[in-house]
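# Generate coordinates for the sequence data below:
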Amino acid sequence: MNEKIRLLRERLRNLKLEGMIVTNPVSIKYLTNIENEGTLLITRKENIFLTYTMFLESVRKTVTINDEIIVADFRDVSEYENFFLFCENVGFEENYVTYKQYYYLKQKYKVNNLSETEDIIEKLRAVKDNEEIYKIKKACEITDKCFNHLLEFIKVGKTEKEIAFEIEMFFRKNGAEGLAFNPVVAIGENSADPHWKPSDRAVQTADPILIDMGCKYQGYCSDMTRTIFMGCILEEMKPVYDLVLKNQLYTIKEIKEYASIKTISQMVENDFRLYNYDLIHSLGHSIGLETHEMPYINSKNDTFLKENMVIANEPGIYVPEKYGIRIEDTILVEKNGCTVLTKSPKNYVII
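From the prediction side, this is the model:
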């Protein structure tokens, strides 16, 4: 049986659930590699993917004998109306399904009780297998190449929108499916907004330029931020940049299996406070099929890192209406340390 589905079945048994209805396309992609619209049913004995007639051929080409997935047409669902016969509790994705969808699923599949699954699939996705890690590494390689290209592309007069467009075009021309997320390109005072949307603001001499970008390779994401400078770096920005970089490097040294997410995050927060700055967003997050996945790296999270998690480490300081500094890498957690997958330079980069 498909290994990911096998692990899901184990977790379902631990929750005393006799099946699950999976409707989130990202969850379905993770479990089956199917990207077509449909619903995955994990029943007592079978795995059934229901889809529309137009997708049947594509889905059947995707699944293998080893997956042990039955592919069926939604129109034939009457033949399978007893999917969950004698099942007392069947799981669903409570963070994805609306109340209207919940009611619909309960009636359509004649389920006695639809039960929350406590992010069961998201928790499985947190630890990557070798194939997933390979794809994330490839996405990171393309991202590093894009950064090197931008150092040549960015000139005085280039706008945030032009730089963001160049990022997308580079990704598409160099082996990526496209963007993992809409890039943040924030010049000068705009870099003080952590989630700035590119505008017509043009690069001027002495501007900081914050670039947060990532691409997708065969469905898997990269995520990297660098703050670079046009012509020179102003003296007032150097201590802030140094503080962010110090904490980013400190975090990298602490990342390993069983490291406390809460402790690492608190250390960065406390160091920032010594200099009267706050970490206004999470220190990081996991990365995979989505840019932001579980676990989230912040001081409210009492869990621990595990080997083969892939996380973003992104401390940042933002001085309102002046500038912001953020440095971010995609990092693979290992037993006794970690590997930084995004390798672009992090000391002062002046173009």
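# is it true that Ser27 lies in a strand?
No: looking at Ser27 with DSSP: H, G, I helix; E, B strand; the rest coil, it is helix, so not inside a strand.
# Assign the closest residue to it other than its chain neighbours to helix, strand or coil.
Excluding the flanking residues, the one nearest Ser27 by C-beta to C-beta, 6 or more residues apart in numbering is Ile121, at 4.6 Å. C-beta: built from backbone N, CA, C; applies to glycine. Assigned by three-state DSSP, the conformation of Ile121 is helix.
# With Asn308 as the reference, measure out to Ile121.
Separation of Ile121 from Asn308 (C-beta to C-beta, to the nearest Å): 17 Å.
# These two: which has the busier surroundings?
Ile121 (23 against 17; other C-beta atoms under 10 Å).
# Please tell me I have it right and that one contacts Leu8.
Yes: between Ile121 and Leu8 there is a contact at 6.7 Å, judged by C-beta atoms under 8 Å.
# Name the residues contacting each of the two.
The contact sets of Ile121 and Leu8 overlap at Leu31 (C-beta atoms under 8 Å, 6 or more residues apart in numbering).
# so where do the helices sit in this protein?
In order along the chain, the chain carries the following helices (DSSP state H): 3-14, 25-32, 56-62, 99-108, 120-126, 130-153, 160-173, 238-254, 261-274.
# Could you pull out the buried residues of the longest one?
What it means is helix 130-153. Within helix 130-153, the residues that count as buried by 16 or more other C-beta atoms under 10 Å are 132-133, 135-147, 150.
# Which neighbouring elements make contact with it?
The contact analysis (3 or more C-beta pairs under 8 Å, 6 or more residues apart in numbering; DSSP states H and E) places helix 130-153 against helix 160-173, strand 208-213, strand 215-217, strand 220-221, strand 224-229, strand 310-313, strand 329-333.
# contacts for stretch 180-188?
Applying C-beta under 8 Å, 6+ apart, the contact partners of stretch 180-188 are 139, 160-161, 163-164, 167-168, 192-198, 201-204, 207-216, 221-223, 225, 291, 323-324.
# so how far is the first residue of that stretch from its last?
Distance between the boundary residues of stretch 180-188 (C-alpha to C-alpha, to the nearest Å) amounts to 24 Å.
# any idea of the mean pLDDT for that stretch?
What stretch 180-188 shows for mean pLDDT is 98.
# now do stretch 73-87
For stretch 73-87, the mean pLDDT works out to 80.
# Who does the spatially closest residue to Arg172 that is not a sequence neighbour form a beta bridge with?
Spatial nearest neighbour of Arg172, chain neighbours left out: Gly178 (5.7 Å); criterion: C-beta to C-beta, 6+ apart. Beta bridges link Gly178 to Lys216 when assigned by DSSP bridges.
# If you count neighbours, what's buried in stretch 108-121?
Buried residues in stretch 108-121 (16+ other C-beta under 10 Å): 109, 111, 114-115, 117, 120-121.
# returning to what we had before: can you tell me which of the helices of the chain is nearest to Leu341?
Nearest of the helices of the chain to Leu341, taken as C-beta to C-beta: helix 130-153 at 4.1 Å.
# tell me the angle of the closest one relative to helix 25-32?
130 degrees (axes from the mean of the first three to the mean of the last three C-alpha atoms, to 10 degrees).
# Centre-most residue in the protein?
Thr291 (2.1 Å; C-alpha atoms, centre = their mean).
# show me what contacts that one?
Thr291 touches 180-181, 214, 221, 223, 285, counting by C-beta under 8 Å, 6+ apart.
# could the residues you listed be laid out in a markdown table, adding neighbour count?
Converted to a markdown table, those look like this (neighbours: other C-beta atoms under 10 Å):
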| residue | neighbour count |
| --- | --- |
| Ala180 | 23 |
| Phe181 | 15 |
| Gly214 | 27 |
| Cys221 | 27 |
| Asp223 | 29 |
| His285 | 20 |
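# Of the residues you listed, just say which sits nearest to Asp76.
Within those, the smallest distance to Asp76 is 35.7 Å, found for Cys221 (C-beta to C-beta).
# before we move on, the earlier item: relative to Val63, which of the helices and strands packed on helix 130-153 is closest?
strand 220-221 (19.7 Å).
# and the closest one, what's its mean pLDDT?
On average, strand 220-221 scores 98.
# what's next to it, contact-wise?
With contact meaning C-beta under 8 Å, 6+ apart, strand 220-221 is reached by 132, 135-136, 138-139, 180-181, 214-215, 287-291.
# Show me the two of the residues you listed that sit farthest apart.
Every pair of the contacts of strand 220-221 checked by C-beta to C-beta; the farthest is Glu132 and Phe181, at 18.3 Å.
# tell me the contacts of Trp196?
So Trp196 contacts 160, 184-186, 190, 210 (C-beta under 8 Å, 6+ apart).
# Who wins on neighbours among these?
Val185 leads the contacts of Trp196 on contacts (other C-beta under 10 Å) with 30 neighbours.
# CA atoms only for stretch 124-137, dumped as PDB, please.
Extracted as PDB, the C-alpha positions of stretch 124-137 are listed here (Å, rounded to 0.1, in the frame of the first residue of the first chain):
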ATOM      1  CA  LEU A 124       2.300  13.800   8.600                       C
ATOM      2  CA  ARG A 125       3.300  16.300   6.000                       C
ATOM      3  CA  ALA A 126       5.700  18.000   8.500                       C
ATOM      4  CA  VAL A 127       8.300  15.200   8.200                       C
ATOM      5  CA  LYS A 128       9.500  14.900   4.600                       C
ATOM      6  CA  ASP A 129      10.600  11.700   2.800                       C
ATOM      7  CA  ASN A 130      13.700  11.600   0.400                       C
ATOM      8  CA  GLU A 131      11.700  12.400  -2.700                       C
ATOM      9  CA  GLU A 132      10.100  15.500  -1.100                       C
ATOM     10  CA  ILE A 133      13.500  16.700   0.200                       C
ATOM     11  CA  TYR A 134      15.000  16.300  -3.300                       C
ATOM     12  CA  LYS A 135      12.200  18.500  -4.800                       C
ATOM     13  CA  ILE A 136      12.600  21.200  -2.200                       C
ATOM     14  CA  LYS A 137      16.400  21.200  -2.700                       C
END
